[in-house]
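> sequence first, predicted coordinates after that:
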Amino acid sequence: PQPAPPASEPTRSPASSAIMALARVRTLVMLVVLAVAVQDSRCVASSPTALSVPSHYGSHMVLRRDVPALLWGLDVPGSTVTVSYRSSTLQGSAAATTGRWQVTLPAAPATLVPVNISMSSTSGGSLVLTDVLIGDVYVCSGQSNMELWVGATANGTAEVASSGDHGDRLRVVQVSTDASFPKTTAPQDTTIMNVPWSRSSPASVPKFSAACYYFGVEQITRRSGIPVGMIASSWGGTEVEAWMDPTSLAKCNESRGSTVSPAATMASSVIEIDPGLAYLGSKGVGVMPHSSLYYSMITPLTTLSITGWLWYQGESNADNPTLYECTFPALISQWRELWAMQTKGSTSTEAPFLFVQLSSWPSGDTGVIATQRHAQMAALGLPAVGMAVAADIGDPASAFHPIHPPWKQEVARRLALSAESLVHANATVPVAGPAVAGITMASGGIIRVSFDQDLMLLPLYGSAGIDPVVGFDNGFDVYHSTSDTDAGPVPLTPPPTLLGIDPSDPKTALLNASASSQTPTLVLYGWHDYPTMPIQNGHGQPAIPFVAVIHAGERQSAQVAQRAVAASAASASQRPRLLDGRRPRGQTGPQVAAVALDSWDKSWGDYHYGYGGPGNNVCASATIFCVGIRITFDQPITSVPLYGDAHPAYRGFANGFEVGTKNTFVPVAVTGIHGAVVQLNVTYASAGTPTVVRYAAGTFPTHPLANSQGDFVAPFVHAL
């Protein structure tokens with residue numbers, strides 16, 4: 001049987017640790033005792049002896065368009081550095097004590113024509129940065145969902161192979177996760193890169209941040225005339241405190257009553273290696289010293305004028321969502337202020353900040369991840385902040401733990417939609433998906449859920465609202481008490497059905513609660529580990545999860561909602577619930593006609609579900625076997641857009657297919673759908689040779705396949 005993939009997002013609370021323990025194997029490798037005082041690197045111990053620039057400048061880099069750009073470096077003290085850039089000649093003097101010099105490059109429009117930046121010094125040194133473009137520049141930061149490599153994502157092998165197609169317009173640079181960084185106790189001017197400024201290529205992309213890279217691809221695809229530079233600086237398993245300055249953190253600790261002592265954390269820290277992060281090359285995760293990564297991985301970048309930031313973090317702070325409601329917005333505000341100061345206003349104090357609302361987390365529907373998603377939304381109170389919802393694209397069978405959705409392409413697409421609004425001022429694209437505006441009761445037990453945008457309903461429930469889902473999970477949880485008691489609100493029985501979108505009001509979804517004698521008062525949407533989220537706008541941006549009171553439309557506290565979910569968890573198994581909310585509609589759908597073993601589909605790559613990582617040819621192992629399965633149906637099939645129209649193959653998602661023996665089954669990858677044929681890839685250990693393949697036959701099956709008329713593929717179990 002398949003080994004369980006390891007977890008890679010630690011939390012500090014006993015409850016969270018207990019939840020994740022089943023998926024986590026940690027090895028304690030060191031106790032790092034930090035020095036009380038570390039010399040500030042800005043005080044140069046010895047005078048520089050040659051002309052140089054820090055590592056965040058380099059050939060193949062991208063300078064931000066339409067604003068001046070700061071360029072600095074070191075040289076022999078007292079020397080004069082002459083810089084030639086486009087039609088300008090500039091001079092800077094190396095300071096007598098530090099040897100630091102700087103010039104301000106004049107603003108220039110976006111161009112795909114490379115330019116050189118030439119430097120010469122009276123000390124005799126010279127440097128040339130070649131192949132420099134002018135366009136948009138983004139900094140990507142966070143924990144392992146941002147750090148996850150391109151080569152480790154769904155379809156990663158093919159994505160890496162095609163990365164060279166973007167090299168003329170897309171450039172990348174990545175900060176290392178160096179073992180010295182947790183020891184940093186003062187702001188640094190320079191940092192260490194594990195990917196220097198490079199053209200996008202199979203040489204630079206495989207171990208580059210996937211969410212960061214795919215966002216860059218989205219940008220150059222949408223606007224081919226604007227080059228893009230993507231700067232990745234992330235570390236898996238880290239808490240937000242590691243990325244914050246001490247002053248902002250202290251204010252949040254004081255205002256939210258935190259008992260965590262930054263000084264104590266800086267003095268010593270237990271650093272643990274997590275096998276789930278081994279593929280990232282991370283040096284350690286756990287309680288990262290507060291502000292250490294802010295000093296070592298963020299402040300060195302702040303002399304670069306940038307367009308905005310991408311942020312994917314929060315799992316490691318799920319034990320204290322109340323504090324996160326302060327720390328996350330505080331980080332955004334402080335980063336903006338610092339960048340504006342360091343670049344002399346070339347980076348705005350309201351530059352766009354785009355973040356990903358957390359995906360799925362198998363916590364037994366205790367409300368841990370849902371409450372943290374709610375806490376992240378505190379940042380939406382700041383100007384020019386965009387959010388990409390990702391709760392609907394979690395993968396229970398992810399190779400690197402369910403908390404890491406492998407389809408980072410879809411995450412990047414949603415971030416790019418926010419950028420359309422905030423960066424490119426495209427008024428036709430909302431900055432985020434539909435947000436709840438109010439909930440009211442209508443006659444006949446109808447609950448009207450109003451949003452701020454026109455809605456679309458994914459085809460999980462039939463069309464035009466005439467085929468409601470009866471008794472199955474439709475994304476909504478309705479309660480008939482909002483009393484703030486330990487017991488929490490009580491689920492409505494039977495649960496309401498989703499009728500669809502109101503034909504007379506495209507901003508309103510209709511729920512039918514007429515079968516219940518109770519009076520509904522509280523509505524939750526998308527409030528599960530793996531929530532059904534059928535509502536979106538016309539751009540494919542999912543509706544934002546919410547907790548709201550009927551009549552007033554006011555959001556209740558996340559704590560009340562968490563108790564509501566916990567109170568209903570025990571009875572969850574007593575009501576029908578499908579992973580994706582679908583039910584067969586009664587028509588005759590495609591039937592399986594034949595099942596045959598086939599060859600492994602190599603376009604998927606050479607790794608899968610816990611067996612190795614990028615570059616590890618597990619199929620050549622003596623104990624691991626890779627085979628394909630070819631399933632033929634009696635009519636052509638298609639996949640409904642449950643996970644996005646752009647990716648119909650559903651590689652890496654819970655796709656309804658499983659293989660195994662009589663009693664033990666594991667998910668597999670769908671690598672292609674060709675007419676009436678579905679191709680699967682299967683990886684298994686020699687001791688667990690699968691004998692059966694099944695579709696939609698589990699306890700909570702997913703049903704993504706249907707014919708062109710929307711008739712679902714019939715569930716089946718077939719011997720191999």
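Received it, and whenever you're ready, just let me know what you need.

> where does residue 163 sit: helix, strand or coil?
helix (DSSP: H, G, I helix; E, B strand; the rest coil).

> if I look at it, how far off is residue 204?
8 Å (C-beta to C-beta, to the nearest Å). Using the backbone N, CA and C atoms, a C-beta is placed for each residue, glycine as well.

> please apply the same query to residue 333.
For residue 333, the distance to residue 204 - C-beta to C-beta - is 33 Å.

> name the residue in those two with the higher neighbour count.
Higher neighbour count among residue 333 and residue 204: residue 204, with 25 against 15, using other C-beta atoms under 10 Å.

> residues contacting that one?
The contact partners of residue 204, by C-beta atoms under 8 Å, 6 or more residues apart in numbering, come to 163, 172, 195, 198.

> please apply the same query to residue 634.
Residue 634 neighbours (C-beta under 8 Å, 6+ apart): 590-593, 676.

> again with residue 439
447-450, 523, 548-551, 553.

> looking at strand pairing, list the partners for residue 73.
According to DSSP bridges, the partner residues bridging residue 73 are residue 101.

> how far away is it from residue 137?
From residue 73 to residue 137 the distance is 19 Å (C-beta to C-beta).

> more crowded one of these two?
More crowded of residue 73 and residue 137, by other C-beta under 10 Å: residue 137, with 26 against 23.

> that one touches residue 309, doesn't it?
No: Residue 137 is beyond contact range of residue 309, at 10.4 Å (criterion: C-beta atoms under 8 Å).

> what sits up against stretch 74-91?
If you take C-beta under 8 Å, 6+ apart as the criterion, stretch 74-91 is touched by 44, 47-52, 71, 73, 92-101, 103-106, 108, 115-123, 125.

> can you do 7 Å?
Under the contact criterion C-beta atoms under 7 Å, 6 or more residues apart in numbering, stretch 74-91 has outside partners 47-49, 51-52, 71, 92-97, 99-101, 103, 105-106, 108, 115, 117-123, 125.

> quick check: end-to-end length of stretch 48-66?
Here the two ends of stretch 48-66 are set 33 Å apart, with distance taken as C-alpha to C-alpha, to the nearest Å.

> tell me the buried residues in it?
Neighbour-count burial for stretch 48-66, counted by 16 or more other C-beta atoms under 10 Å, picks out 48, 51-65.

> do the same with stretch 93-100
So, applying 16+ other C-beta under 10 Å, buried residues of stretch 93-100: 93-95, 99-100.

> mind putting the residues you listed into TSV with secondary structure?
Below are those laid out as TSV (three-state DSSP):
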residue	secondary structure
93	strand
94	coil
95	coil
99	coil
100	strand
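
> as TSV, the residues you listed with distance to residue 636 and pLDDT would be great.
Output for the buried residues of stretch 93-100, formatted as TSV (distance: C-beta to C-beta, whole Å; pLDDT from 0 to 100):
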residue	distance to residue 636	pLDDT
93	72	97
94	70	96
95	72	96
99	70	96
100	67	97
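
> ok, of those, which one's closest to residue 226?
Taking C-beta to C-beta as the measure, residue 226 lies nearest residue 100 of the buried residues of stretch 93-100, at 31.9 Å.

> which non-adjacent residue is nearest the closest one?
In space, and not counting its chain neighbours, residue 100 is closest to residue 74: 5.9 Å by C-beta to C-beta, 6 or more residues apart in numbering.

> residue 369 now?
Nearest non-adjacent residue to residue 369 (C-beta to C-beta, 6+ apart): residue 361, at 3.7 Å.

> with residue 108 instead?
The nearest residue in space to residue 108 (C-beta to C-beta, 6+ apart) is residue 134, at 5.1 Å.

> what about that neighbour, how many residues nearby?
Taking other C-beta under 10 Å as the definition, residue 134 ends up with a neighbour count of 25.

> tell me which helix or strand it sits in.
strand 126-142 (DSSP states H and E).

> correct me, but residue 393 touches residue 410?
Yes: using C-beta atoms under 7 Å, residue 393 is in contact with residue 410, at 5.6 Å.

> out of the two, which sits in the more crowded spot?
Taking other C-beta under 10 Å, residue 393 and residue 410 do not tie; residue 393 has more neighbours (24 against 21).

> where does the more buried one fall, phi/psi-wise?
phi -120, psi 20 (degrees, to the nearest 10).

> and it, how far from residue 368?
Residue 393 is 19 Å from residue 368, by C-beta to C-beta.

> helix or strand with the lowest mean pLDDT in this structure?
strand 27-33 (a mean of 26; mean pLDDT, DSSP states H and E).

> residue 478: how many residues sit nearby?
Using other C-beta under 10 Å, residue 478 has 23 neighbouring residues.

> ugh, wrong one, residue 84
14.

> same check on residue 431?
For residue 431, the count of nearby residues is 19 (other C-beta under 10 Å).

> thought residue 419 was touching it, still the case?
No: judged on C-beta under 7 Å, residue 431 makes no contact with residue 419 at a distance of 9.1 Å.

> check contacts around the residue located most distally from the centre of the chain.
Taking C-alpha atoms, centre = their mean, the residue of the chain most remote from its mean C-alpha position is residue 122, at 48.0 Å. Residues near residue 122 by C-beta under 7 Å, 6+ apart: 79-80.
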